[in-house]
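Enquirer: got a structure for you, letters missing:
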Ligand SMILES: Cc1ncc(COP(=O)(O)O)c(C=O)c1O
């Protein structure tokens with residue numbers, strides 16, 4: 001039986017693979033003169049954020065104030081960018097507290113968000129650095145034209161308690177030339193009004209090996225690369241051997257020659273398909289389709305399933321980041337040796 005000391009279902013993290021992934025991309029960015037600012041949403045573990053910083057990352061990215069609070073609680077992290085429009089007095093008060101503990105910066109894409117930030121930072125000892133979030137084609141948040149970016153930069157720079165730091169984008173995949181063009185225009189417009197664009201923050205694992213094709217960027221925010229997953233393997237960004245996170249599951253029923261059922265359902269694997277067929281890749285059994293999930297059951301199909309009750313399998317999920325959010329602890333491993341459970345400190349932090 002594989003990993004007999006670990007009860008199932010469990011989320012395994014191979015630290016050897018994760019560390020190699022960290023070092024490989026850090027090296028790529030050093031070669032291209034780019035700073036790395038990893039997004040912790042994938043691992044949610046202070047120990048891995050610390051490992052990313054030791055490898056040379058300049059700071060971390062979080063999506064939520066509560067994630068940042070959880071990440072800094074264990075120490076060793078002193079520079080955080082929150083890439084989310086922060087709205088409402090409760091969160092703004094916590095943001096202000098956080099700014100007293102770490103070097104903090106945030107993003108904004110509209111004046112209402114900027115007004116809230118200024119209200120809470122007007123009397124702060126240090127101004128809060130604000131990046132203008134730019135929609136360079138991914139159609140989520142972000143000002144939609146370079147001229148809007150200039151106008152919001154001007155607005156931020158005039159607000160008490162804030163300093164305009166630069167531009168941030170979560171880019172569309174495979175559109176590097178268009179992203180470069182968009183950000184260059186925005187930077188030129190902003191410089192024309194006498195402001196300095198110190199930081200241009202780009203990111204995303206699907207485009208990680210093309211990060212240098214947006215040379216205006218000063219830093220790259222990257223999350224999934226640390227574990228990789230089935231969606232990145234399908235895009236050709238990584239191989240199965242680069243996938244550090246897997247779900248360990250036990251076969252609990254073999255009702256038919258072509259079907260088996262495991263003890264991992266959507267409560268562990270999640271129902272994220274990301275455009276793929278099936279809910280994960282069974283290591284060593286590419287013929288098996290993880291066909292369906294209910295909360296606690298996973299249904300496997302194959303021409304000949306050839307599994308026995310009690311047998312264990314490992315599944316690389318479609319989307320690693322959402323899987324780590326499902327469990328209180330992950331089990332660390334190095335190859336075939338278990339190395340102990342670690343608490344996922346920043347899981348479930350949605351505020
Ligand atoms: C704002 C932002 N930056 C960076 C990332 C990292 O993306 P990835 O996990 O593809 O590396 C994300 C992912 O959702 C994001 O939302």
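Expert: All right, it came through fine. As the structure is a computational prediction, the values presented were derived from the model and not from experiment.

Enquirer: ok, and the closest non-adjacent residue to the closest residue to the ligand within the stretch 251-351 of the chain?
Expert: Going by C-beta to the nearest ligand atom, the ligand is nearest to residue 321 of the stretch 251-351 of the chain, at 6.1 Å. For the C-beta atoms, the positions are set from N, CA and C on the backbone; glycine is no exception. Spatially, and ignoring its direct neighbours in sequence, residue 321 is nearest to residue 42 (4.6 Å; C-beta to C-beta, 6 or more residues apart in numbering).

Enquirer: My reading is that the residue of the stretch 251-351 of the chain closest to the ligand is in a helix; is that accurate?
Expert: Yes. The assignment for residue 321 is a helix, going by DSSP: H, G, I helix; E, B strand; the rest coil.

Enquirer: Count the residues that sit near it.
Expert: With neighbours defined by other C-beta atoms under 10 Å, the count for residue 321 comes to 22.

Enquirer: for the longest strand seen in the chain, packing partners?
Expert: When secondary structure is assigned using DSSP state E, the longest strand within the chain turns out to be strand 245-256. Judged by 3 or more C-beta pairs under 8 Å, 6 or more residues apart in numbering; DSSP states H and E, strand 245-256 is in contact with strand 10-14, strand 259-262, helix 266-269, strand 312-317, helix 320-324.

Enquirer: For residue 176, which of these is the nearest?
Expert: Checking the helices and strands packed on strand 245-256 against residue 176 by C-beta to C-beta gives helix 320-324 as the closest, at 22.7 Å.

Enquirer: What lies in contact with that closest one?
Expert: Applying C-beta atoms under 8 Å, 6 or more residues apart in numbering, the set of residues contacting helix 320-324 from outside is 11, 41-44, 223-224, 227-229, 243, 245, 247, 268-270, 272, 317, 330, 344, 347.

Enquirer: just stretch 234-242 next, same as before
Expert: Contacts of stretch 234-242 with the rest of the structure, by C-beta under 8 Å, 6+ apart, involve 17, 20-21, 205-206, 208-209, 225, 228, 232-233, 276, 281, 283, 316.

Enquirer: and the ligand, which of these reach it?
Expert: Here is what survives when the contacts of stretch 234-242 are matched to the ligand using C-beta under 6 Å from any ligand atom: 205, 206, 225.

Enquirer: now those residues: which count as buried?
Expert: Buried positions within these, assessed by neighbour count (16 or more other C-beta atoms under 10 Å), are 205, 206, 225.

Enquirer: got CSV for those residues, with distance to residue 88 and secondary structure too?
Expert: Formatted as CSV, these follow (distance: C-beta to C-beta, whole Å; DSSP: H, G, I helix; E, B strand; the rest coil):
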residue, distance to residue 88, secondary structure
205, 30, coil
206, 32, coil
225, 32, helix
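
Enquirer: Now pLDDT too, for these, in JSON lines please.
Expert: Formatted as JSON lines, the entries for those read as follows, by pLDDT from 0 to 100:
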{"residue": "205", "pLDDT": "98"}
{"residue": "206", "pLDDT": "98"}
{"residue": "225", "pLDDT": "98"}
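
Enquirer: ok, those residues vs the ligand, which is closest?
Expert: The shortest gap between the ligand and any of those belongs to residue 205, at 3.4 Å (C-beta to the nearest ligand atom).

Enquirer: ok, and what's touching stretch 329-347?
Expert: The set of residues that contact stretch 329-347 without belonging to it, under C-beta under 8 Å, 6+ apart, is 2-3, 5-6, 10-16, 40, 44-47, 62, 66-67, 70-71, 73-74, 245, 248, 324-328.

Enquirer: Quick check: ChimeraX command selecting the buried ones in those residues.
Expert: The following ChimeraX command selects only the buried members of those, with burial defined by 16+ other C-beta under 10 Å:
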select :3,6,10,11,12,13,14,15,40,44,45,46,62,66,67,70,71,245,248,324,325,326,327
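
Enquirer: quick revisit: the longest strand of the chain - what's its average pLDDT?
Expert: For strand 245-256, mean pLDDT rounds to 98.

Enquirer: Is it positioned near the ligand?
Expert: No. When contact is scored as C-beta under 6 Å from any ligand atom, no part of strand 245-256 falls within range of the ligand; the minimum is 12.5 Å.

Enquirer: Write out the residues of the stretch 1-150 of the chain neighbouring the ligand.
Expert: In this structure, the stretch 1-150 of the chain approaches the ligand at residues 39, 42, 61, 83, judged by C-beta under 6 Å from any ligand atom.
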